[in-house]
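[1] Quick one, what's the 3D model for this:
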Amino acid sequence: MVKLSSRYRNVGWDPLVPTDLLVDEINQLRETGYEVEEYIERANAIDPRDRAAVLAIVDDMANAQRTRPWPYEEPDDLTSIEASWGEPSLQLQRPTDDEIRSRMRSAWLGRIAGCNIGKPIELGTHWTMDHIRDYLERAHAYPLDDYMPVLEPMPDSFELRDNWPDTTRGRVNGSARDDDIDYPILGLYLLEKHGAALSPQHVADAWTALFPIRQVFTAERAAYINIVEGQPIELCARRRNPYREWIGAQIRGDIFGYVFPGEPAKAARLAYQDASLSHVGNGIYGEMWSAALISCCFATSSAREAIEASLAYVPQRSRLSEALRWVLELRDQEPSWERAIAAVRERYGHYNWIHTINNAALVTAGALWGEDDYTKSVCRTVMGGWDTDSNGATAGSIAGILAGPEGLPAHIIDPLHDRTRSAVFGFDNSRISELASRATALALDGLPTDNH
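    Next up is the predicted model:
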């Protein structure tokens, strides 16, 4: 195997940096069965500082070919995706209006709190599962059952993210700003404005009007650049976007499940309109799955039931479906959550720590071994590492809905003070209860018609 020169160093998975695009596109293509040796040889022969030459190679990689059999079927268009769905494992009943009202509030609170729990250790290359455990044991806080503690003085081998003064134990005073919170807020805005007519163009227009480019990352930033450069909307997910199967879309799916409680197919179909702007393949499936899963949580009594029901809405011969089903099978064989999460990390650790597939598997494990307890579900997910704030947020939605308001722990929820920061224009310092009320109105009254 030809190796890329050490002169190419990824500085942050940033589509604004040509060498990041080249390194990450090579990895993306290799993961999906494409031949990349030719492009590596070309890259090794040029100066990495030559922006035009690097981008020319990145653009040429769009023509890469598969040279070996590929056992998966992973379509991008909605018609083919729906055709690849399975049969639902059970018929869901729409919850009552009162159930929707109460669980909607616990969904928002659960997601926002879960995001904050994982936020100070969101760096999968540093905060591995073992590193997290080592840190928590030093703080006499293992297993985690609250916000992350702060060791003072901080040992040299550990470094919390710069948000730690606002997201750690005893310091939370309202929710910190995070893209995992911005996206459901932006999704709420989009659904209030466009309803069931939502399209990728609507999403693109909202991003560029309401969301600063430096507050979006990986696939979303790549798509954002394409939008601003005037690329056709159907090319934004692929052009110079090696992050097209990463977790960015998956963290945008919850709002669609919120407004379609007990109707996972509708939630997944509308989530596609959001996901397809920036993602393809498993990146799209991640958002559709999370939307379907959240929808199922409103109409089931356990995480296992909801996860099993959600699998019908993932292409059956995709890598994501394979991973989620493997975790379900593991649940029947392995009683220890620590060994289970270690097994997930071993099996899917070859993906980047911000990829869809490994993180979806980890969220599923956290929910299954969380025993339908909010604190266990979220904290066990976060202790698994990788994209800790995103995973904590999704796990928080799942567990928050299933627990209902009476099952949310006061020591985690009360410090939020019903308030969240946001980078979405016009939504900073939003009341969480108001966001939940607006989502409830859409769930109860139906989505509006698009008058714009």
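[2] okay, CA-based contacts and neighbour counts for the rest of this
    OK.
[3] Please, where are all the helices along the stretch 201-350 of the chain?
    Ranges of helices within the stretch 201-350 of the chain are 218-228, 254-259, 264-275, 281-297, 303-310, 319-333, 337-348, based on DSSP state H, counting those that start in this stretch.
[4] Quick one: closest of the ones you listed to L198.
    helix 264-275 (6.5 Å; Cα to Cα).
[5] Test my guess that M383 contacts M129.
    Yes. Look at M383 against M129 with Cα atoms under 8 Å: they come within range, at 6.0 Å.
[6] So these two - more neighbours on which side?
    Neighbour count, other Cα atoms under 10 Å: between M383 and M129, M383 has more, with 27 against 18.
[7] Distance of the residue sitting nearest the centre point of the chain relative to L330?
    Centroid-nearest residue in the chain, with Cα atoms, centre = their mean: I251, separated by 3.1 Å. Per Cα to Cα, to the nearest Å, I251 is found 24 Å from L330.
[8] List the buried residues for the helix or strand S106 falls within?
    In the assignment (DSSP states H and E), S106 maps to helix 97-118. Residues of helix 97-118 classed as buried under the neighbour-count rule (16 or more other Cα atoms under 10 Å) are 100-118.
[9] How about stretch 342-356?
    Applying 16+ other Cα under 10 Å to stretch 342-356 flags A342, A343, V344, R345, Y348, G349, Y351, N352, W353, I354, H355, T356 as buried.
[10] now the end-to-end length of that stretch.
    The first-to-last residue distance of stretch 342-356 comes to 18 Å (Cα to Cα).
[11] so how far is that stretch from its chain's centroid?
    Using Cα atoms, centre = their mean, to the nearest Å, the mean C-alpha position of stretch 342-356 is found 14 Å from that of the whole chain.
[12] Can you pull out the residues in contact with that stretch?
    124-125, 129, 243, 245-248, 250, 282-283, 286, 320, 327, 357-359, 361-362, 384, 386-387 (Cα atoms under 8 Å, 6 or more residues apart in numbering).
[13] mind redoing it with 6 Å?
    Residues from elsewhere that reach stretch 342-356 (Cα atoms under 6 Å, 6 or more residues apart in numbering): G124, W246, I247, N358, W386, D387.
[14] Closest one to V216 out of these, please.
    Nearest to V216 out of these is I247 (Cα to Cα; 12.3 Å).
[15] and I284, what does it touch?
    For I284, the contacting residues are A275, by Cα under 6 Å, 6+ apart.
[16] let's have the chain start at 173 instead
    Sure thing, new numbering starts at 173, so read that last one as I456.
[17] what's the neighbour count on D232?
    D232 - counted by other Cα under 10 Å - has 10 other residues nearby.
[18] how much space between it and L194?
    Here the criterion is Cα to Cα. By it, D232 lies 11 Å from L194.
[19] now P267
    Taking Cα to Cα, one finds P267 at 48 Å from L194.
[20] My guess is G564 contacts V550. True?
    Yes. Look at G564 against V550 with Cα atoms under 6 Å: they come within range, at 5.5 Å.
[21] who's more crowded, these two?
    Counted by other Cα under 10 Å, G564 and V550 do not tie: V550 has more neighbours, with 35 against 32.
[22] and the more buried one, helix, strand or coil?
    Following DSSP: H, G, I helix; E, B strand; the rest coil, V550 is assigned to helix.
[23] the helices in the stretch 523-624 of the chain, which residues?
    Using DSSP H, counting those that start in this stretch, helices in the stretch 523-624 of the chain cover 528-541, 546-555, 560-575, 582-585, 604-617.
[24] Pick the most deeply packed of those.
    helix 560-575 (a mean of 32; mean count of other Cα atoms under 10 Å).
[25] between that one and helix 475-482, how many degrees?
    100 degrees (axes from the mean of the first three to the mean of the last three Cα atoms, to 10 degrees).
[26] What lies in contact with helix 560-575?
    275, 278-279, 282-283, 286-287, 290-291, 294, 352, 535, 546, 550, 554.
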